[in-house]
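Engineer: 3D model of this:
(2 chains)
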Amino acid sequence: MTQSFRLESGGLINRDKKISFKFNGKNYYGYEGDTLASALIANGVHLIGRSFKYHRPRGFFGAGVDEPYAIVQLYRNGETEPNIKATEQELFEGLEAKSVNCWPSVNFDVGAINNFLKIFLPAGFYYKTFMWPKSFWYKIYEPFIRRAAGLGTASIKHDKERYEHKYEYCDVLITGSGPSGLASAYSAAKNGAKVILAEDKSRFGGTLLTSEVNIGNQSGKEWADSIISELKEMPNVTVKNRSQVFGYYDHNMLVMSERISDHLPKTKKFHPKQRLWYIRAKEVLISSGSIERPIVFGNNDTPGVMLSSAAKEYMKVYGVLVGKKPLVFTNNDSGYETAIEFKKNGIDPIILDTRKEPQSEIIEEAKNMNINIKNSYVVVAAQGYKKVKSADIAKISDNKEELGSIENIECDCICVSGFWTPTIHLASQSGNKTKFNEDIDAFVPGISKQNEKTLGAANGIYTLEETLKDSFEKGNQLSKKITNNENKVSFPNVVEKKSTVHDKFWCVPLPKGKNYKRFLDFQNDVAVSDIEIALKEGYRSIEHVKRYTTLGMATDQGKTSNLNGLQLVSKIENKVVPAVGHTTFRPPYSPVSIGAIVGREVGKHSKPTRKSPMHSWHEKNNAVFVDAGVWLRPRYYKRGEENLFEASKREAKNVRTNVGVCDVTTLGKIDIKGPDAAELLNRVYTNAWLKLPVGKARYGVMLREDGIVMDDGTTTRISENHYHMTTTTAQAANVLSHLEYYLQLVWPELNVNVVSTTEQWAGAAIAGPKSREVLKKLFPKSDVTNEGLPFMGYMEGDLFGVKAKIFRISFSGELAYEVNVESDNGYFMWEKIIEAGEEFGIQPYGTEALSTLRIEMGHVAGSELDGRTIPYDNSLEGLLSKKKDFIGKRSLSRKAFAAEDRQKIVGVVPLDKKTSIPEGSHLVKDSNAPLPNPKLGYISASCWSVEYDNPFSLAILKDGKNMIGEKLFVMSPLKDKVIPVEIVSSHYVDPKGERVRS
Amino acid sequence: MLHIKCPHCGMRSQNEFSYGGDATVKRPELGKEISDQDWDNFVYNRKSLRGKHWELWQHLSGCRQWIKVQRDTATHEIFKTLKANEEIS
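Structural biologist: Residues are numbered from 1 along each chain as shown, chains lettered A, B, ... in the order given. This next block holds a predicted model:
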């Protein structure tokens, strides 16, 4: 197949390398250096999709990031990605793309019926149309809208690509490599500053690639190439193409997305697909250029209507003609440059200029080339459905309100230029207070909030000479300030054609009796009439008009529509544009893939996995693990065909009858040292700590200042000024921060040091009536009798040559010990315990059995200490010292906390002694009461009591103190269960606590 | 992301710190009688100021020191940072 729209020569593509690709199932080819858009246009393909709302045919409007239409679904190396701009996607061998937003096909699209029903789809149609009847929403409206509207489809497969994050610091960050970016980067680099120059496109040079200018004795492109290659050689400069700085955040941090592999058929081995750069820059120079504005006229969304600068770029960069009978519709001199380029390539364009008698060097040149120029002419409407076939044109009066008689002329494309809009997104994101520049009818950056300056076209400067002068100067000034080094660059001689002022004309009036759609926002199908309706309906703020009509939303962010929308609102409202103001620019400037944002933090890398030193033993012994914060803990050890319920029952039962061992390494441990350590504990815990003897442990509860329980655990006095604190696994980090807060800020006079030793100690809980027998074998030289090591006692021991700490503490409610050794010896300790316990029937137990044991004992844990309960609620009021003050004590005298019928922990047993009670269920008095049924409490934890062989739960119940013996109902609407229950004491097993002391 | 000067470690990114609230709140002395209203003000009542504000941050992933930071809550500008034991002037 020949490329009928490819020029014989010219462009920056590599004509020696053909690249084949597929679009909507059809095979085409292009050249290396093409974008998907340029290759399709070269092949004469102009219909690329359907519009969002009316499903009108869509072609190409721009040639880069400003493209509102040409969004495709991309297929690459077995993966798919939605919402890719064909104008940005570089062609690679084997590329496949499909149209989006059309069904069943781009040529025959059912949704296009919307185009004929558009009277029913006015502004705010989402809010108005599909509201009634309500039941239709889920079944009819929503599925239909979802199929018919929306852009591409996200892949539901796991993304195999790798994405990276990088942090970088620099003196000067420059965003864009057009003339202003290159000049400022060059002078800053010459002064020795650390410079990053970021270019969104694959080619450096910006407008220098397409404009007819000379710098020094070189063409614009040659100059750009030489500056870039010099910059690349400098060690203090990082030059990046395919890298878009898309967000400007606080304290001069900018984020840049680098597309490393998107232009390749396949990501190279060990390469990421994209890289996200977090750049902290001392100074930022915004050289993002400007985007051409459309002029609004009838059917201006027909494929073939496009920006004149894009048409020029397709010719000059890609050697592609966007049409062979072009019409150039302009209000300024830029359109002439495009027309001249057509003419140079042997195509006869017609220029319609809204201005009456403009004169300039460029216009002179066009005249000398015999280009047909019609002054005071406008395009009234494009004709043609899937492609422009002709244009209705007319003379326009000097006041721009009256149209002359309409003529129809044949054409296959309409290249529009309505002057230029500076790209102020980054400046605005930085907090810059933008101002309106009357000369160019657009906003430009004003007062800076952060260290940024905007250069060149992005600042509304449209001559090359001025741009270069200003940019060399700014680059020099800013870098000199940082490096204290000046190495001034001599200013080159610039040759460019002078242009004259533009016409402030932006919208063609409708001819009498015609009702053409005149689009402002091409991506969201927002027409002039939609804005008119929104204003008629009372929307005034531009932010509200935006949301009601969707003007300037979605991936496009109003790049081409923003200013014309403002012009319209200000015209109807009889205000000036700056009084209307612009909507807030938000990052990202252009869509960024979720993969790049997430980076490496996916799957196993999303958070660290912490394992105890005994982990491999657990693995070898069929442990089934559970996530406990970032820790992996054995939930149960599977034997044969056992399930969770059976295994945990067996393990818990074995603790109650023989002895079990549980890995408790994950418990938080804080080492506390200093002469005031006891005083600190006394203030932090609710009970008394000053008189705890050396070699004793004590259980403590700590509160927040608002009286809510923060954490509990045991702390042991190792020596006179040395304590070993344990916290729950979940609260370990918070408790340390809490202690540091009080020590550093509130009571700096206390001489105490705290440090986390969680990872330094491996811990094993040995629990059960036979645990002492095991301990005796482990520490034959120590006196571990009930007298030698009583309940809450502590001693150091020698575990076959390894130093160990032995605590007689119990979470299971049985006679129990916790042995700690240095982490490196954890595995050794564990093996020794198993070995020594064998004759007593020792079994390892997991977190599930651990829970069972503590629940039936009525010991509280995280599910009761959930940040909503006070000590009384957990029956911990006995631990509140009356003699001393402590953190949070004053709050406990709050009325609600002291209420007579205050909630309290209770035990719950189903009447049938069979039905398991779901955690989180509510307790109610009457299961048949009308809704909302008053809730008396909730189930905090459930287990199967191994002591009594029936279900047992803990609950936090209103007036729990007086509810023992009451019959209530447990209701779980989620599990659809109603269970009659009896309220019992939370201490279901061994209420007197005799076993731990035995 | 804010750039905060830790008085101990130097300029660091916000993600190394955790926020700790109003730095001007003083904890009432232990063991001293205090009215419900005063205690309530200490525990719960905070001004949500627009503008310059002294606040606490902890350099959690750094030196673990609590520091005092004077920040503009509207613009995020940071004017001054102090060590825990330095008085706000």
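Engineer: the longest helix along chain A packs against which elements?
Structural biologist: For chain A, the helix with the greatest residue count under DSSP state H is helix A:464-483. Judged by 3 or more Cβ pairs under 8 Å, 6 or more residues apart in numbering or on different chains; DSSP states H and E, helix A:464-483 is in contact with strand A:163-175, helix A:179-190, strand A:274-286, strand A:494-495. To be clear about C-beta, it is placed using only N, CA and C from the backbone, and glycine gets the same treatment.
Engineer: chain B is nearest to which of the ones you listed?
Structural biologist: Among these, strand A:274-286 comes nearest to chain B, with 6.4 Å by Cβ to the nearest Cβ.
Engineer: so which elements touch that closest one?
Structural biologist: Strand A:274-286 packs on strand A:163-175, helix A:179-190, strand A:243-249, strand A:253-259, helix A:425-429, strand A:452-454, helix A:464-483, helix A:594-598, going by 3+ Cβ pairs under 8 Å, 6+ apart.
Engineer: each with direction, which strands does the shortest one pair with?
Structural biologist: If I follow you right, that is strand A:452-454. strand A:274-286 (parallel) (DSSP bridges).
Engineer: just the helices and strands packed on helix A:464-483: most buried one?
Structural biologist: Mean neighbours per residue, mean count of other Cβ atoms under 10 Å in any protein chain shown, is largest over the helices and strands packed on helix A:464-483 for helix A:179-190, with a mean of 30.
Engineer: list the helices and strands that one packs on?
Structural biologist: Looks like helix A:179-190 contacts strand A:163-175, strand A:195-198, helix A:220-233, strand A:274-286, helix A:464-483 (3+ Cβ pairs under 8 Å, 6+ apart).
Engineer: in CSV, list the helices and strands packed on strand A:274-286 along with distance to A:Val908 and mean pLDDT.
Structural biologist: CSV is the format used below for these (distance: least, Cβ to Cβ, whole Å; pLDDT from 0 to 100):
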stretch, distance to A:Val908, mean pLDDT
strand A:163-175, 49, 97
helix A:179-190, 70, 98
strand A:243-249, 51, 97
strand A:253-259, 52, 98
helix A:425-429, 55, 95
strand A:452-454, 63, 97
helix A:464-483, 69, 97
helix A:594-598, 43, 94
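Engineer: tell me which of those lies nearest to A:Tyr548.
Structural biologist: A:Tyr548 lies closest to helix A:425-429 among the helices and strands packed on strand A:274-286, at 21.9 Å (Cβ to Cβ).
Engineer: contacts for the closest one, please.
Structural biologist: Residues outside helix A:425-429 that contact it (Cβ atoms under 8 Å, 6 or more residues apart in numbering or on different chains): A:175, A:245, A:247-249, A:254, A:284, A:286, A:288, A:434, A:445, A:448, A:452, A:454, A:458, A:557, A:582, A:584-587, A:589.
Engineer: ok, 6 Å please
Structural biologist: A:Tyr248, A:Ile286, A:Thr434, A:Pro445, A:Thr454, A:Phe585, A:Pro587, A:Tyr589 (Cβ atoms under 6 Å, 6 or more residues apart in numbering or on different chains).
Engineer: I'd assumed A:Pro445 was in contact with the fifth one.
Structural biologist: If I follow you right, that is A:Thr454. Yes. Using Cβ atoms under 6 Å, A:Thr454 is in contact with A:Pro445, at 4.3 Å.
Engineer: buried residues of the longest helix of chain A, list them for me.
Structural biologist: For helix A:464-483, burial by neighbour count (16 or more other Cβ atoms under 10 Å in any protein chain shown) applies to A:464-465, A:467-468, A:470-480, A:482-483.
Engineer: so which bits of stretch A:734-744 are buried?
Structural biologist: Those would be A:Val735, A:Leu736, A:His738, A:Leu739, A:Glu740, A:Tyr741, A:Tyr742, A:Leu743, A:Gln744, for stretch A:734-744 by 16+ other Cβ under 10 Å.
Engineer: sorry, wrong one. I was asking about stretch A:618-633.
Structural biologist: For stretch A:618-633, using 16+ other Cβ under 10 Å, the buried residues are A:His618, A:Ala623, A:Val624, A:Phe625, A:Ala628, A:Trp631, A:Leu632, A:Arg633.
Engineer: ok, now stretch A:372-381?
Structural biologist: Using 16+ other Cβ under 10 Å as the test for burial, stretch A:372-381 gives A:Ile373, A:Lys374, A:Ser376, A:Tyr377, A:Val378, A:Val379, A:Val380, A:Ala381.
Engineer: run the chain-centre distance for it.
Structural biologist: Put simply, stretch A:372-381 sits 47 Å off its chain's centre (Cα atoms, centre = their mean, to the nearest Å).
Engineer: circling back: make CSV from the helices and strands packed on helix A:179-190 and add distance to A:Lys389 to it.
Structural biologist: Below are the helices and strands packed on helix A:179-190 laid out as CSV (distance: least, Cβ to Cβ, whole Å):
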stretch, distance to A:Lys389
strand A:163-175, 41
strand A:195-198, 42
helix A:220-233, 36
strand A:274-286, 41
helix A:464-483, 38
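Engineer: ok, which of the ones you listed comes nearest A:Gln3?
Structural biologist: Of all those, it is helix A:220-233 that lies closest to A:Gln3, at 23.5 Å by Cβ to Cβ.
Engineer: how much space is there between the residue lying farthest from the centre of chain B and chain A?
Structural biologist: Using Cα atoms, centre = their mean, the residue of chain B lying farthest from its centre is B:Glu33. It sits 26.0 Å away. Going from B:Glu33 to chain A by Cβ to the nearest Cβ, to the nearest Å gives 10 Å.
Engineer: need the three-state assignment for that residue.
Structural biologist: coil (DSSP: H, G, I helix; E, B strand; the rest coil).
Engineer: so what's the residue count around A:Val802?
Structural biologist: Here the count is done by other Cβ atoms under 10 Å in any protein chain shown, and A:Val802 has 15 residues near it.
Engineer: tell me the secondary structure for the residue nearest to the spatial centre of chain B?
Structural biologist: Nearest to the geometric centre of chain B sits B:Leu56, at 1.7 Å (Cα atoms, centre = their mean). The three-state assignment at B:Leu56 reads strand, by three-state DSSP.
Engineer: near chain B, which of the buried residues of stretch A:372-381 show up?
Structural biologist: Counting by Cβ under 6 Å from any Cβ of the partner chain, nothing from the buried residues of stretch A:372-381 sits close to chain B.
Engineer: tell me the bridge partners for B:Ser13.
Structural biologist: As for beta bridges, B:Ser13 partners with B:His3 under DSSP bridges.
Engineer: what about it, neighbour count?
Structural biologist: Neighbours of B:Ser13 under the rule other Cβ under 10 Å: 16.
Engineer: now name the helix or strand holding the closest residue to the residue nearest to the centre of chain B other than its chain neighbours.
Structural biologist: Of all residues not flanking B:Leu56 in the chain, B:Gly20 sits nearest, at 3.4 Å (Cβ to Cβ, 6 or more residues apart in numbering or on different chains). Taking DSSP states H and E as the definition, B:Gly20 sits inside strand B:18-22.
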